[in-house]
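*Asks:* sequence-free structure coming up:
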Ligand SMILES: C[S@@+](CC[C@H](N)C(=O)[O-])C[C@H]1O[C@@H](n2cnc3c(N)ncnc32)[C@H](O)[C@@H]1O
């Protein structure tokens, strides 16, 4: 198993969005957080021989992090075709030429509509937070899909989401088994960002979903 630090270093070559869309909240998940999530998922036995689905894959960061641990297969989903092209290029940059990069699949789709049918998948996601546009809990649709598709999910939310995530999980037959905070540095990228850079506190949750 590769170390978390080695995976984070590998992920540093993942290129950021060239022209990030504010409406789609296109932020890169920091390599350290992606490596942390994938490492924990591997320790929990949530990657090996599993289908891993990255909802809102963007640059492919979380999907590529998972692929470093040799899962069954990895599918990255995004509504933005430019993001999917970037994710494909990033996978090729990290893993070299095919066939290694070909083990990842990239699917255009709306994360709110269960675009993948994969019973017992492991879902990873850093969904749009919705905080900037007063659209609190834009991440709810991603959690709904995670609860439908996943046996287990790892989702990244903005600070103060714990109550919301635990209540959502309880209503949908899930249990939060792990929760931790992670620093999320964001550089100036949209006009509404006033500072050159700032650090958000993000929260990461692992949820086990009950299957009947
Ligand atoms: C915060 S970014 C996370 C990106 C990714 N984890 C990364 O590190 O590049 C949110 C991503 O969700 C995508 N997205 C937003 N709404 C979506 C939707 N309804 N369905 C699928 N993807 C969506 C955006 O295009 C964006 O790539």
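*Replies:* Received the coordinates, thanks. Source: prediction; values computed, not measured. Numbering: from 1, shown residues only.

*Asks:* wasn't residue 122 part of a strand?
*Replies:* Yes - secondary structure of residue 122 (DSSP: H, G, I helix; E, B strand; the rest coil): part of a strand.

*Asks:* who are the contact partners of it?
*Replies:* Residue 122 sits next to 41, 46-47, 50-53, 66, 71, 150-154 when contact means Cβ atoms under 8 Å, 6 or more residues apart in numbering. Where C-beta positions appear, they are placed from N, C-alpha and C, glycine not excepted.

*Asks:* switch the cut-off to 6 Å
*Replies:* Listed by Cβ atoms under 6 Å, 6 or more residues apart in numbering, the contact set of residue 122 reads 46, 50, 52, 152.

*Asks:* and which of these is nearest the ligand?
*Replies:* The shortest gap between the ligand and any of those belongs to residue 52, at 13.1 Å (Cβ to the nearest ligand atom).

*Asks:* longest helix of the chain?
*Replies:* Looking across the chain with DSSP state H, the single longest helix is helix 81-95.

*Asks:* buried ones in that helix?
*Replies:* By neighbour count on 16 or more other Cβ atoms under 10 Å, the buried set for helix 81-95 is 83-84, 86-88, 90-91, 94-95.

*Asks:* for these, which two are the farthest from each other?
*Replies:* Using Cβ to Cβ, the pair of the buried residues of helix 81-95 lying farthest apart is 83 and 95, separated by 18.3 Å.
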